[in-house]
Each structure stands twice: as structure tokens, then as C-alpha cells.
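Student: Okay, sequence plus prediction incoming.
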Amino acid sequence: VQLVESGGGTVQAGGSLRLSCAASGFTFSNYAMSWVRQAPGKGAEWVSGIMSGGVPKNYADSVKGRFTISRDDAKNTLYLQMNSLKPDDTAVYYCAAGSMWNRPRAQYMYWGQGTQVTVSS
């Protein structure tokens, strides 16, 4: 089983990034998925989730209206479109399989290695 995130980088405040998470080794379409982030010195923060089939979707209040989660089951890939980025969005972003809700890390079945997002002011 693998979840491989990509698309991170450094962007100025107000900019955009699109993260991808390529899944393999399990039936991706059957799983709810989430994006979770962890900033330096802070605990993990659930960002967004999406049910198998693509609906419903859910977002943390801190990103609602700026981030959009989506999935392409034909490509076994999860996405996170991030617009109007803020310095507070700086974190390592992880994709996780098994739930679309805010859960302790141990309650997700699979977890990626993360991709760094840095937003400069």
C-alpha cells in the first residue's frame, strides 16, 4: 500500500497550489479520504475529507471557501486545490485513507509521507 503526495512547494501569500496524492495497493475508490496537515511545533490538523464516490465533502473552518478537495477514482488520485494561501497554511500536508472526518491518526488505515507547503508573507 502506498500514498504518495506531491505538488507542495513555496508560494507567496495569496497564491495557489494543487496537491495530489497517488494511491496504490488498495481499492482507492472504496475508501473515504482526508487531507491532514502538521505545522512545525504543532499537532496534526485535519483539513478536509471526501467520501468514496466523491460526495459528501467536508472542510475545517480554517480552510473553508479557500480549499477544494476532489478525487479521480479512475486515476486513483486525491487532490487538494488550495487558493488564497496564508502563512498559517504552512505545514506538511498528508493524505490519509479510511475516513473523511477528523480522527486521531491511528484511526486512519493508510497514511502518506507528506509534502511540504510553505507560504511566505
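Tutor: Structure's in. What do you need?
Student: Pairing partners for the most centrally placed residue in the chain in the sheet, please.
Tutor: By C-alpha atoms, centre = their mean, the chain has its centre lying nearest to Trp35, at 2.5 Å. Assessed by DSSP bridges, Trp35 has beta-bridge partners Ser48, Cys95.
Student: what residues are up against it?
Tutor: Going by C-beta atoms under 8 Å, 6 or more residues apart in numbering, Trp35 touches 19, 21, 46-49, 69, 78, 80, 93-96. Bear in mind the C-beta positions are built from the backbone N, C-alpha and C, glycine included.
Student: cool, and Cys21?
Tutor: Residues near Cys21 by C-beta under 8 Å, 6+ apart: Leu3, Val4, Glu5, Ser6, Met33, Trp35, Thr77, Leu78, Tyr79, Leu80, Cys95, Gly112.
Student: could you redo the last one with a cut-off of 7 Å?
Tutor: Leu3, Val4, Glu5, Thr77, Leu78, Cys95, Gly112 (C-beta atoms under 7 Å, 6 or more residues apart in numbering).
Student: now, which of the residues you listed lie within strands?
Tutor: Applying DSSP state E to the contacts of Cys21, the entries found in strands are Leu3, Val4, Glu5, Thr77, Leu78, Cys95.
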